[in-house]
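what's the 3D shape of this:
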Amino acid sequence: AAANYAAGMFPLRCAELRGSALASSADGCACGCCSRRRRHRRHLTVYTAATTGEVDGGDVADGGADAESAEADSAVLKEENEFQALGVDPLFLPGLDKIGIHTPSDIQAAAVPAVLSGGNVAIQSYTGSGKTLAFLLPAMSSMIARAERLYNGGAKEVPLQLLVVAPSQELAMQIVRVAQGLLPDQHRGLVQQCIGGANPRYQEQRLLENKPLMVVGTPGRIAELVRGAVLRLHECPMLVLDEADQLLAPAFSEDMAHINSHCGKRLREPRQTVLVSATLSESVLLRSARWCPSPRYVTPASSAAPSVPPPPPAHAA
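Numbers count the residues shown, from 1 in each chain. This next block holds a predicted model:
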């Protein structure tokens, strides 16, 4: 399993080769991983190249390239760079392009830098505003950066870097689809789903074989895997609670307490916790303070005013 893990993680060692640097340096990579990644990022290379009339694949068209096409390429470059300017890892730009997202929504523009800052964050935004990407993009960017540092520093295994908990199987599955869609195809195993209603033995086997960097699941199944010592959270530095208001329900209380007490337990620094919901009332923020003390409160930048009170002061937690 360790060998499989190393083979799967090795391409991350080449992740510093961004944009056009990836194309110029990939041939020198002995593992060949960069050339595979380049196939998923060729259009990113085109966007960052300075040559007028460059087309996908590295060929250069005649100098009389269509002006509208050049203008469109320029627009795409500007839009893609809006995500990069926020701090999103360029690794995810091709995935965003595939689903036609080139410009951050209001909540994404507000939440991405807040989450990347490393502190606790409470994100409130309405359904359909793009709040799933608002937490996934920065959380996964941090995940990749930490994994690269650990692996390049000589770590034989990198522990779980990101845990996302959702109150329902359907929501967890949706988050997994979005997260895997952001990754190159050969790295989708870095994200694993652990939900109730699915075969627990299969999920255990996948955890042991893939050693994912990110797990998304429901409280009951995650707590079950933690109790069975299959899923180890003690060194996980980041916890995201989607639809946090629903996770406060009594039915989840025991499992959530178990997850909260184990996640990041052995870290030198406090773990980062992100609350996400369409409704973060003062009551919800107070009750969730045991999971996420003193969070930075984030709403869409376009909102005239938040629909709920700001988070309680630190002493109220």
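
any low-confidence regions in the protein?
For the chain, the stretches flagged by pLDDT under 70 are 1-80, 301-317.

could you list the domains of it?
Taking automatic domain parsing as the domain assignment, the record places the domains of the chain at 2-88, 106-316.

any idea how far the nearest residue to Ala111 once chain neighbours are set aside is from Ala109?
In space, and not counting its chain neighbours, Ala111 is closest to Ala134: 4.0 Å by CB to CB, 6 or more residues apart in numbering. Using the backbone N, CA and C atoms, a C-beta is placed for each residue, glycine as well. If you measure Ala134 against Ala109 using CB to CB, to the nearest Å, the figure is 9 Å.

before we move on, what about Thr103?
Distance of Thr103 to Ala109, given as CB to CB: 9 Å.

more neighbours: which of Ala134 and Ala109?
Per other CB atoms under 10 Å, whichever of Ala134 and Ala109 has more neighbours is Ala134, with 28 against 19.

for that one, give me its contacts.
For Ala134, the contacting residues are 105, 107-108, 110-112, 123, 125, 276, taking CB atoms under 8 Å, 6 or more residues apart in numbering as the criterion.

what do you get if the cut-off is 10 Å, keeping everything else the same?
Residues in contact with Ala134 (CB atoms under 10 Å, 6 or more residues apart in numbering) are 104-112, 114-115, 121, 123, 125, 274, 276, 298, 300.

related to what we said a few turns ago, now for Ala134 and Ala109: what residues contact both?
Common neighbours of Ala134 and Ala109 are listed as Pro300 (criterion: CB under 10 Å, 6+ apart).

restricting to C-alpha, output the lengthiest helix in the chain in PDB.
Taking residue count as the measure and DSSP state H as the definition, the longest helix of the chain comes out as helix 131-152. Extracted in PDB, the C-alpha atoms of helix 131-152 (Å, rounded to 0.1, in the frame of the first residue of the first chain):
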ATOM      1  CA  LYS A 131     -20.600  28.200  -1.800                       C
ATOM      2  CA  THR A 132     -19.500  24.600  -2.400                       C
ATOM      3  CA  LEU A 133     -16.600  25.900  -4.500                       C
ATOM      4  CA  ALA A 134     -16.200  28.800  -2.100                       C
ATOM      5  CA  PHE A 135     -14.800  26.300   0.500                       C
ATOM      6  CA  LEU A 136     -13.500  23.600  -1.700                       C
ATOM      7  CA  LEU A 137     -11.100  25.700  -3.800                       C
ATOM      8  CA  PRO A 138      -9.200  27.200  -0.800                       C
ATOM      9  CA  ALA A 139      -9.400  24.000   1.300                       C
ATOM     10  CA  MET A 140      -8.100  21.800  -1.500                       C
ATOM     11  CA  SER A 141      -5.400  24.400  -2.400                       C
ATOM     12  CA  SER A 142      -4.200  24.300   1.200                       C
ATOM     13  CA  MET A 143      -4.400  20.500   1.100                       C
ATOM     14  CA  ILE A 144      -2.200  20.200  -1.900                       C
ATOM     15  CA  ALA A 145       0.300  22.700  -0.600                       C
ATOM     16  CA  ARG A 146       0.600  20.900   2.700                       C
ATOM     17  CA  ALA A 147       1.000  17.500   1.000                       C
ATOM     18  CA  GLU A 148       3.700  18.800  -1.300                       C
ATOM     19  CA  ARG A 149       5.600  20.200   1.700                       C
ATOM     20  CA  LEU A 150       5.400  17.000   3.600                       C
ATOM     21  CA  TYR A 151       6.200  14.700   0.700                       C
ATOM     22  CA  ASN A 152       9.000  16.800  -0.600                       C
END
